[in-house]
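# Structure for this input, please:
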Amino acid sequence: MSLLLLVVSALHILILILLFVATLDKSWWTLPGKESLNLWHDCTWNNDNKTWACSNVSENGWLKAVQVLMVLSLILCCLSFILFMFQLYTMRRGGLFYATGLCQLCTSVAVFTGALIYAIHAKEILAERPPGGSFGYCFALAWVAFPLALASGIIYIHLRKRE
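Numbering: from 1, shown residues only. Down below sits the predicted model:
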């Protein structure tokens with residue numbers, strides 16, 4: 001049982017790390033020439049100074065929705081981990097981790113919705129940018145975090161506390 005708890009906790013921490021990197025790092029969209037766009041800043045490489053020049057992203061409504069959903073997924077994932085630890089030490093024997101599982105399922109829905117909105121509305125979000133480019137690794141990390149959070153939520157729902 002302790003090995004199962006260790007694996008579930010490690011999976012949860014992995015999901016948290018993936019969500020933090022996907023939400024806060026700077027590569028949701030990459031353009032040719034070392035230019036990358038994230039959810040918060042447009043960053044371009046300045047060859048003169050050899051530095052990054054960053055500015056705020058557009059005020060596009062779809063981008064705001066993605067920002068909100070990714071931050072919500074982070075909050076829900078942190079909350080579910082805290083809830084799991086609380087339930088682990090206070091719940092009586094035989095209890096199920098329904099609240100933790102439900103929070104993780106909501107995390108997966110938030111990540112899925114945010115990444116899907118970004119994928120569908122990328123042209124509208126990036127309308128002011130030159131054409132070309134591709135999705136960056138943060139976008140891919142969000143898609144990787146989705147099935148892991150979904151599996152984690154299902155595992156939590158079926159997990160029963162034993163002595």
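# Kindly state the beta-bridge partners for L96.
Beta bridges link L96 to R160, judged by DSSP bridges.
# how many neighbours does L88 have?
Using other CB atoms under 10 Å as the criterion, L88 is surrounded by 16 other residues. Every C-beta, even on glycine, is put in place using the N, C-alpha and C of the backbone.
# In which helix or strand does it reside?
If you go by DSSP states H and E, L88 is part of helix 61-90.
# And that helix, what's buried?
By neighbour count, and taking 16 or more other CB atoms under 10 Å as the criterion, the buried residues in helix 61-90 are 63, 65-67, 69-74, 76-81, 83-84, 87-88.
# With stretch 13-22 instead?
Within stretch 13-22, the residues that count as buried by 16+ other CB under 10 Å are 15-16, 18-19, 22.
# C-alpha coordinates for it, PDB please?
Output for stretch 13-22, consisting of C-alpha atoms alone and laid out as PDB, is shown next (Å, rounded to 0.1, in the frame of the first residue of the first chain):
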ATOM      1  CA  ILE A  13       3.900  15.900  -8.300                       C
ATOM      2  CA  LEU A  14       4.800  15.200 -11.900                       C
ATOM      3  CA  ILE A  15       1.500  16.700 -13.100                       C
ATOM      4  CA  LEU A  16       2.100  19.800 -10.900                       C
ATOM      5  CA  ILE A  17       5.500  20.300 -12.400                       C
ATOM      6  CA  LEU A  18       4.200  19.800 -16.000                       C
ATOM      7  CA  LEU A  19       1.400  22.300 -15.300                       C
ATOM      8  CA  PHE A  20       3.700  24.900 -13.800                       C
ATOM      9  CA  VAL A  21       6.100  24.700 -16.700                       C
ATOM     10  CA  ALA A  22       3.300  24.700 -19.300                       C
END
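# what's the spacing between it and its chain's center?
6 Å (CA atoms, centre = their mean, to the nearest Å).
# Which pLDDT does the model give the one residue sitting closest to the centre of the chain?
Closest to where the C-alpha atoms of the chain average out (CA atoms, centre = their mean) is L19, at 3.0 Å. At L19, the model reports a pLDDT of 94.
# Is it correct that it is in contact with S108?
No: under the contact definition of CB atoms under 8 Å, L19 does not touch S108, with a separation of 10.5 Å.
# mind checking which helix or strand the residue lying closest to S134 once chain neighbours are set aside is in?
Nearest residue to S134 in three dimensions, chain neighbours excluded: T30, at 5.9 Å (CB to CB, 6 or more residues apart in numbering). Using DSSP H and E, T30 sits in strand 29-31.
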